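Q: Just a sequence and a predicted model for now, questions to come.
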Amino acid sequence: MNLRSYFNILRAKRKRKSVIKEYLASHTIRKFELGAELTNQEGWLTTDNRPVASNLYLDVTEKFPFDNDVFDYVYSEHMIEHLT
């Protein structure tokens, strides 16, 4: 990982808590997508392991930054084959 990527991840992790809090407060039906890449579906909290503006940075190999039983729906497509 280069230095620029490292700092982008640090910046994304810092804003993650406020993004999650805002999402949970504004949605009664909560939907969570893992590995969304560049897509951003309306009404979903979309995540990816690369910090991009449209998605929340989340490394699925680490503990998730929220409690259990928070989401009504969890979706992932074409992601599990990328895990080592």
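A: Good, I have the coordinates.

Q: Which strand or helix spans Leu38?
A: Using DSSP states H and E, Leu38 sits within no helix or strand.

Q: Could you give the number of residues near it?
A: Leu38: 11 surrounding residues under other CB atoms under 10 Å. Glycine gets a C-beta too; all of them are placed from N, C-alpha and C.

Q: Tell me where this structure has helices.
A: 3-26 (DSSP state H).

Q: Looking at stretch 29-36 now, give me its mean pLDDT.
A: Averaged across stretch 29-36, pLDDT comes to 92.

Q: Please save the CA atoms from it in PDB.
A: Taking C-alpha atoms only, stretch 29-36 is exported to PDB below (Å, rounded to 0.1, in the frame of the first residue of the first chain):
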ATOM      1  CA  ILE A  29     -35.700   0.300   7.100                       C
ATOM      2  CA  ARG A  30     -31.900  -0.200   7.100                       C
ATOM      3  CA  LYS A  31     -30.100  -1.800   4.200                       C
ATOM      4  CA  PHE A  32     -26.400  -2.700   4.100                       C
ATOM      5  CA  GLU A  33     -24.400  -3.600   1.000                       C
ATOM      6  CA  LEU A  34     -20.900  -5.100   1.200                       C
ATOM      7  CA  GLY A  35     -18.500  -4.600  -1.600                       C
ATOM      8  CA  ALA A  36     -20.500  -2.100  -3.600                       C
END
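
Q: Look at Asn40 and say how many residues are nearby.
A: Using other CB under 10 Å, Asn40 has 15 neighbouring residues.

Q: got the contact list for the residue nearest to it when sequence neighbours are not counted?
A: Leaving out its chain neighbours, the residue that sits closest to Asn40 by CB to CB, 6 or more residues apart in numbering is Ser54, at 4.1 Å. By CB atoms under 8 Å, 6 or more residues apart in numbering, the contact set of Ser54 is 38-40, 46.

Q: ok, now with 7 Å
A: 38, 40, 46 (CB atoms under 7 Å, 6 or more residues apart in numbering).

Q: cool, and Glu33?
A: With CB under 7 Å, 6+ apart, Glu33 has these contacts: 41, 44, 46-47, 75-76.
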